[in-house]
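In: Sequence and predicted structure, then a few things I'm wondering about:
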Amino acid sequence: MSDAYDIPEGHERLVWVFAVDAPVAEIEPLVGAGLGEVLGLWREPDPAHVECVDASTLNNYGVARYVAEANGMDVGDDAPMLDALSGTICLVFSKALGQDAARFAPEPPFRLVGRYGAPVTIPSMDTLRSESAQGLLPQGKPPASPARISGMVATFVLLFLAVFVAVFVWIAG
């Protein structure tokens, strides 16, 4: 039985890198017809967002550099491991997976090397210097306390009773 790897939900750009113990010529026919089954997915990944290449074709450029620079992913400290890969590698991008895909469960000859995502950058905020940005925002009303609510109910009941008594006195008179 193969290991299963959860696929996170959301619109984050991700890529899963698989090492494949088979030549590219044997793997390419699977892309679009059978790759989903071998990777343990419910449906076929979109072949437009799957790349299977021989790592030796990236020797001058490097697998880590290809994942990081060419595809904009953060490889962190895995660069030496990615550059040491040989043979066929398969890149499955998050766009290849449908909303119903929840996990990978790759079977041989596929082996998950790692999952890499686009680096998250949080823009820095400059201090607002305009006059309208100065001061405090107006505060809203505090929530009504139970004592205040009880007082309002009692006032309503007393007014109702006063009107009710006045109507009976007027009818009797």
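Out: Everything's here; your move. Residues are numbered from 1 along each chain as shown.
In: Could you pick out the longest helix of this protein?
Out: helix 146-172 (DSSP state H).
In: what's the neighbour count on A4?
Out: 13 (other C-beta atoms under 10 Å). Backbone N, C-alpha and C define where each C-beta goes, glycine included.
In: Report the contact partners of it.
Out: The contact partners of A4, taken as C-beta atoms under 8 Å, 6 or more residues apart in numbering, are 40, 103-105.
In: what separates it from R103, distance-wise?
Out: When distance is defined by C-beta to C-beta, to the nearest Å, A4 is 5 Å away from R103.
In: and what of P80?
Out: 28 Å.
In: In terms of neighbours, single out the busier of the two.
Out: For the pair P80 and R103, the greater number of neighbours falls to R103 (13 against 9), based on other C-beta under 10 Å.
In: For the chain, just list every one of the strands.
Out: 5-6, 14-20, 50-54, 88-93, 103-104, 110-117 (DSSP state E).
In: pLDDT below threshold where in this structure?
Out: 1-2, 5-11, 100-101 (pLDDT under 70).
In: which non-adjacent residue is nearest A33?
Out: Excluding the flanking residues, the one nearest A33 by C-beta to C-beta, 6 or more residues apart in numbering is E44, at 7.0 Å.
In: sorry, back to before: find residues that contact each of A4 and R103.
Out: G40.
In: Please tell me which one of the contacts of A4 counts the most neighbours.
Out: Neighbour max across the contacts of A4 (other C-beta under 10 Å) = F104, 21 neighbours.
In: What residues are bridge-paired with that residue?
Out: For F104, the beta-bridge partners are Y5 (DSSP bridges).
In: hmm, who's touching stretch 165-173?
Out: So stretch 165-173 is contacted by nothing (C-beta under 8 Å, 6+ apart).
In: repeat for stretch 28-44
Out: With C-beta under 8 Å, 6+ apart, stretch 28-44 has contacts from 2, 4, 18, 45, 47, 50, 52, 92, 97-98, 100-107, 110.
In: which of those are buried?
Out: 18, 45, 50, 52, 92, 97, 101, 104, 106, 110 (16 or more other C-beta atoms under 10 Å).
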